[in-house]
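In: would you be able to build a 3D model of this:
(2 chains)
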Amino acid sequence: MAVNTEKNTYTVIFAIIMVVVVGSILAFLASGLKDKIGENERFEKQQNILYAMGVNENTEDSGVNFIPTTEVEGEFTKFITKQLVVSPDGSVEEQNDAYLIDMKKQLSALKNGGDAEFPLFVGEKNGKKFYILPMYGKGLWDAIWGFMSLDENMIVQGAYFDHKGETPGLGANIKLRYFMDDFIGESVLDGNRYAGIAVAKGNNDPLNNDKEDNEVDALAGATITGNGVAAMIKETLNIYKPYLETIRTN
Amino acid sequence: MALLSKKDANLILDPLADNNPITIQVLGICSALAITAELKASIVMAISVIFVLGVGNVVISLMRNIIPSKIRIIVQLIVVATLVIIVDQVLKAFAYELSKTLSVFVGLIITNCIIMGRFEAFALGNGPWKSFLDGIGNALGYGVILIIVGFFRELFGTGTLLGYPVFGDPIAKTGLYATGYENNGFMIIPPAALIVVGIIIWVQRSRNKALIEEA
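Out: Coordinates of the predicted model:
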């Protein structure tokens, strides 16, 4: 059967059929895989939170090694003792599954003057308390986010960063250990001010021996991503400042 | 009997050298600049494009007699976007870690001009088997250049290969760095990729004069 593929009616019918077929394939796939993908994302969040408080399988020279997905749920309930929700006005309440709160939505709600609530996790390991702050910001191309754990003295105990679409080999390196480990031991305070931690170029401290300078060494070729990380930390500290003031001991 | 006829074999071999999509056809330059700062990303991108171009060429070739010519570009775009999304979703469900590595490349694959170029130039006019070979060949040709560029940029830009230090530790000044050698920061920014590709083009054309266009 010869069909005249040049006719307008054929073109329109072809387009409609194509859209319907492709649309159904994708919709079918998306709804079929939704639960599995959701579970993976939940486990990942738990892994990231635990990573930031030092519950991970890193060895001296290894890359980033999380708790395996098969164990992460149990470990999460074991180490995270409290999940809190903090409002910008400083009120705090406990809420189960606060870790599922989407930081992006809360931040835009805050910007638009709506009600916002920010999750915060209290973890305990070997009798030591960790306060883990989630964060969300923007890098060069797309979103960046992470978790950072502090102790009562506002010293960083661990950090985890991730990104959606930073350049591989440059900005994408924020999720590598050598960058994240630099944050450990840095204070987010400068005197009494919540100064955050800048990602600094040319601070003459590439080994990061100076833990008092509120700076870590930047990534070469990734200035904007680095600035994004610094801005994200600063913004997050601002949000959690009222709560952090209540637990701070120094 | 040979596995492929000589003509079929050429579909795979030609794009590797004398009809290379990057160095001869100058297609796919954008992603070649963007992701070759490290070798691992180059390899991942090469594998992804081999898959998408191989399968996409077959799909377009099977549909070649029913696609209305007025909307063929849109149809091609839909096919490649659908393929990429399917792969991305399936990986997200069953190989989450891998999908996170790949997610950066999804957008780059859809917009990769080699893919549209091969759909348009080859798959629309040839049968599925030939189109498959053409797709694999061109993707391999693209991948080879990507890997060469990634190799040199990572080696001289950060002194590592696949993340493993080759020249020693640049901060503690061990290995080659003890002699005063420094990593070349220029190599990790995108213009360096253009220069490396340029050198490859130069070497290739000086070895095979037939490739030089008449002025």
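
In: any stretches of the chain with poor pLDDT?
Out: All of this is about chain A. Within chain A, the set of residues satisfying pLDDT under 70 comprises A:1-3.

In: actually, chain B is the one I wanted.
Out: B:1-3, B:215.

In: ok, which stretches of it are helices?
Out: For chain B, the helices defined by DSSP state H occupy B:6-13, B:29-34, B:39-62, B:72-94, B:96-110, B:113-121, B:128-158, B:191-207.

In: so which residues on chain B come close to chain A?
Out: Residues of chain B found near chain A (Cβ under 8 Å from any Cβ of the partner chain) are B:34-38, B:40-41, B:65-71, B:74-75, B:78, B:82, B:85-86, B:89-90, B:92-94, B:96, B:103-104, B:107, B:153-154, B:157-158, B:163, B:171, B:185, B:188-189. All C-beta spots, glycine's among them, are computed from the backbone N, C-alpha and C.

In: now do 6 Å
Out: For chain B, the residues in contact with chain A (Cβ under 6 Å from any Cβ of the partner chain) are B:35, B:37-38, B:41, B:68, B:70-71, B:78, B:82, B:89, B:92-93, B:96, B:104, B:171, B:185, B:188-189.

In: who's residue A:145 bridged to?
Out: In this entry, residue A:145 is beta-bridged to residue A:136, residue A:162, by DSSP bridges.

In: pretty sure it is touching residue A:138, no?
Out: No - applying Cβ atoms under 6 Å, one finds residue A:145 not in contact with residue A:138, separated by 9.6 Å.

In: of the two, who's got more company?
Out: Taking other Cβ atoms under 10 Å in any protein chain shown, residue A:145 and residue A:138 do not tie; residue A:145 has more neighbours (20 against 16).

In: how far away is the more buried one from chain B?
Out: Per Cβ to the nearest Cβ, to the nearest Å, residue A:145 is found 13 Å from chain B.

In: cool, and residue A:211?
Out: Noted for residue A:211: a distance of 17 Å to chain B, by Cβ to the nearest Cβ.

In: what sits against that residue?
Out: With contact set as Cβ atoms under 6 Å, 6 or more residues apart in numbering or on different chains, residue A:211 has these partners: A:185-186.

In: now name the helix or strand holding it.
Out: Under the criterion DSSP states H and E, no helix or strand holds residue A:211.

In: show the backbone phi and psi for it.
Out: Here is the backbone geometry of residue A:211 (degrees, to the nearest 10): phi -90, psi 0.

In: who touches residue 37 in this structure?
Out: Let's take chain A. B:92-93.

In: actually, chain B is the one I wanted.
Out: The neighbours of residue B:37, taking Cβ under 6 Å, 6+ apart as the test, are A:169-170, B:153, B:188.

In: which residue is the nearest non-sequential neighbour of it?
Out: Of all residues not flanking residue B:37 in the chain, residue A:169 sits nearest, at 3.0 Å (Cβ to Cβ, 6 or more residues apart in numbering or on different chains).

In: wait, doesn't the one you found sit right on residue B:38?
Out: Yes - counting by Cβ under 6 Å, residue A:169 touches residue B:38, with 3.6 Å between them.

In: how many residues are close by the residue of chain A found nearest chain B?
Out: Scanning chain A for the residue nearest chain B gives residue A:169, at 3.0 Å (criterion: Cβ to the nearest Cβ). Look at residue A:169: counted by other Cβ under 10 Å, it has 27 neighbours.

In: can you tell me the SS state at it?
Out: Look at residue A:169: counting by DSSP: H, G, I helix; E, B strand; the rest coil, its state is coil.

In: any chance of the backbone angles for it?
Out: phi 90, psi -20.

In: helices of chain A, residue ranges please.
Out: A:8-52, A:69-79, A:103-111, A:177-180, A:223-247.

In: hmm, who's touching the fourth one?
Out: Okay, so that is helix A:177-180. Contacts for helix A:177-180 (Cβ under 6 Å, 6+ apart): A:63-64, A:159, A:161, A:173.

In: tell me the residues of chain A that contact chain B?
Out: Within chain A, the positions lying close to chain B (Cβ under 6 Å from any Cβ) are A:5, A:10-11, A:14, A:22, A:29, A:33, A:36-37, A:40, A:165, A:168-170, A:206, A:220-221.

In: and the residue of chain B nearest chain A?
Out: Closest point on chain B to chain A, by Cβ to the nearest Cβ, is residue B:37, at 3.0 Å.

In: packed most tightly, which of the helices of chain A would that be?
Out: Mean neighbour count (mean count of other Cβ atoms under 10 Å in any protein chain shown) peaks for helix A:223-247 among those, with a mean of 19.

In: how far off helix A:103-111 does that one point, in degrees?
Out: Compare the direction of helix A:223-247 with that of helix A:103-111 by axes from the mean of the first three to the mean of the last three Cα atoms, to 10 degrees and you get 70 degrees.

In: show me what helix A:223-247 is packed against.
Out: Helices and strands touching helix A:223-247, by 3 or more Cβ pairs under 6 Å, 6 or more residues apart in numbering or on different chains; DSSP states H and E, are strand A:128-138, strand A:198-200.

In: what's the nearest residue to the residue positioned nearest the centre of chain A if we skip its chain neighbours?
Out: Using Cα atoms, centre = their mean, the residue of chain A that lies closest to the mean C-alpha position is residue A:146, 2.2 Å off. The shortest distance from residue A:146 to any residue that is not its chain neighbour, by Cβ to Cβ, 6+ apart, is 3.9 Å, and that residue is residue A:161.
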